[in-house]
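Novice: Provided below for reference: sequence and predicted model.
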Amino acid sequence: MAGGIPPALPVSLAEARAFLRIESDAEEALLAGLVRTAADLCEAFTGQALIARETEAVLGSGGGWQRLALAPVRAILGVTGLPAEGAPFALAAGDWRGTIDGRGEGWIRVERPGAAGRVRVAYTAGLAEDANGVPEPLRQGILRLAAHLFTHRDGAHDGGPPAAVTALWRPWRRMAL
């Protein structure tokens, strides 16, 4: 996942416990870690943030359009210049341009960087406002992958994640060419 505020889990621990038929809270920390791991892998596979959160990207200050890594972008909040020496400074709205295309990808072009060799872009990205808005196939894939990781955590005979996980996630995958 890109930086920023850690996102809420798209699948609750109660859902994961029920899916795995676990009745005790003894392995709650392990299960929480596995759900986080599965959600991180889902975001990496799909190229999308699941739950909206603020994040940042550090980009070059060149004059061309640059794509923000995390999608779908909901809002571009601001751009800060990062000089090689000295304190960071806010770029005025007229010094940069930002746009969000029809696919939800955010683009930034710095027109007047001043002393900035790089820029830090603050933005909000995510498919859903909260866990209930995350598409069900993504949530089911996270549950299945967390269950797989839980079941095979000590096994040397693990054949890899179930094919159903990628089948559930593949329609949501964003590929950059």
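Specialist: Received, thanks.
Novice: what segments of this protein are strands?
Specialist: Under the criterion DSSP state E, the chain contains strands at 53-60, 66-67, 73-83, 89-90, 96-100, 106-110, 116-125.
Novice: want to throw the ones you listed into JSON lines with distance to Phe45, mean pLDDT and mean neighbour count?
Specialist: For the C-beta atoms, the positions are set from N, CA and C on the backbone; glycine is no exception. Below are those laid out as JSON lines (distance: least, Cβ to Cβ, whole Å; pLDDT from 0 to 100; neighbours: other Cβ atoms under 10 Å):
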{"stretch": "strand 53-60", "distance to Phe45": "18", "mean pLDDT": "94", "mean neighbour count": "17"}
{"stretch": "strand 66-67", "distance to Phe45": "18", "mean pLDDT": "95", "mean neighbour count": "16"}
{"stretch": "strand 73-83", "distance to Phe45": "19", "mean pLDDT": "96", "mean neighbour count": "18"}
{"stretch": "strand 89-90", "distance to Phe45": "35", "mean pLDDT": "94", "mean neighbour count": "12"}
{"stretch": "strand 96-100", "distance to Phe45": "22", "mean pLDDT": "96", "mean neighbour count": "17"}
{"stretch": "strand 106-110", "distance to Phe45": "20", "mean pLDDT": "96", "mean neighbour count": "20"}
{"stretch": "strand 116-125", "distance to Phe45": "16", "mean pLDDT": "96", "mean neighbour count": "20"}
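Novice: okay, those strands in TSV with distance to Arg21 next?
Specialist: Output for the strands of the chain, formatted as TSV (distance: least, Cβ to Cβ, whole Å):
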stretch	distance to Arg21
strand 53-60	31
strand 66-67	43
strand 73-83	37
strand 89-90	53
strand 96-100	43
strand 106-110	42
strand 116-125	35
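Novice: next, the buried residues of the longest helix anywhere in the chain.
Specialist: Assignment by DSSP state H gives helix 28-46 as the longest helix of the chain. Of all the residues in helix 28-46, those buried under the rule 16 or more other Cβ atoms under 10 Å are Leu31, Leu34, Val35, Arg36, Ala38, Ala39, Leu41, Cys42, Glu43, Phe45, Thr46.
Novice: kindly report the same for stretch 154-166.
Specialist: In stretch 154-166, counting by 16+ other Cβ under 10 Å, buried: Pro161, Val165.
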